[in-house]
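Q: Here's a sequence, model it:
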Amino acid sequence: MTKPPRELVEFLRRHDPPIRNLALGLRRVVLDEMAPCHEYIFAMRSAVMLLFGPNDRVIDDCVCMIAVLRKHVNLQFTEGIELEDPSGVLRGTGKRMRHLTLKTIAELDRPEIRVLLQRARIRAGMTPRQGARRDVITRVKPSTSRPADS
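A: Okay, here's the model as predicted:
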């Protein structure tokens, strides 16, 4: 599996270890279900964002994203309103986007997470995974903020 980029690890340093571990664990789950894919990582205020899509236009063609926040991590689906969600885990009131919130690493074992990722992948028309192929093309937007004092 793809090792987290050095820049992502740096971005996550602002978060407590349980949230860092949850974010990296959720990234592994997303890549298990979405790769081959493109990934775009950036810091936005206190959040760290990881976007995933089928091509290098990840911002425009984003299928799902991870938002790393202070006390939890959200898995967001840009077309979540269109996803079949029999478990009723998706939240949100916007026109299109829906999300689910994770607060502990144990929640990564929830089967509905992988089901939703698979459905989002199919809905986006992404190339089916072939064997063990797990190509991920990652771009990182450099941080423009000053580093925090340690």
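Q: Where do the helices of this protein begin and end?
A: 6-12, 17-34, 111-123 (DSSP state H).
Q: Pipe the ones you listed into CSV and attach mean neighbour count, distance to Arg70 and mean pLDDT per row.
A: Heads up, the C-betas are built off the backbone N, CA and C, glycines and all. Formatted as CSV, the helices of the chain follow (neighbours: other Cβ atoms under 10 Å; distance: least, Cβ to Cβ, whole Å; pLDDT from 0 to 100):
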stretch, mean neighbour count, distance to Arg70, mean pLDDT
helix 6-12, 17, 12, 95
helix 17-34, 19, 7, 96
helix 111-123, 17, 21, 95
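Q: Can I get those helices in JSON lines including distance to Arg98?
A: Shown next, in JSON lines, are the helices of the chain (distance: least, Cβ to Cβ, whole Å):
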{"stretch": "helix 6-12", "distance to Arg98": "24"}
{"stretch": "helix 17-34", "distance to Arg98": "15"}
{"stretch": "helix 111-123", "distance to Arg98": "9"}
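Q: between those helices, which gets nearest to Val68?
A: helix 17-34 (4.4 Å; Cβ to Cβ).
Q: who does the closest one touch, helix- and strand-wise?
A: helix 6-12, strand 47-53, strand 64-68, strand 73-77, helix 111-123 (3 or more Cβ pairs under 8 Å, 6 or more residues apart in numbering; DSSP states H and E).
Q: So Met34 sits against Val63, correct?
A: Yes - when contacts are counted by Cβ atoms under 8 Å, Met34 is listed as touching Val63 (7.0 Å).
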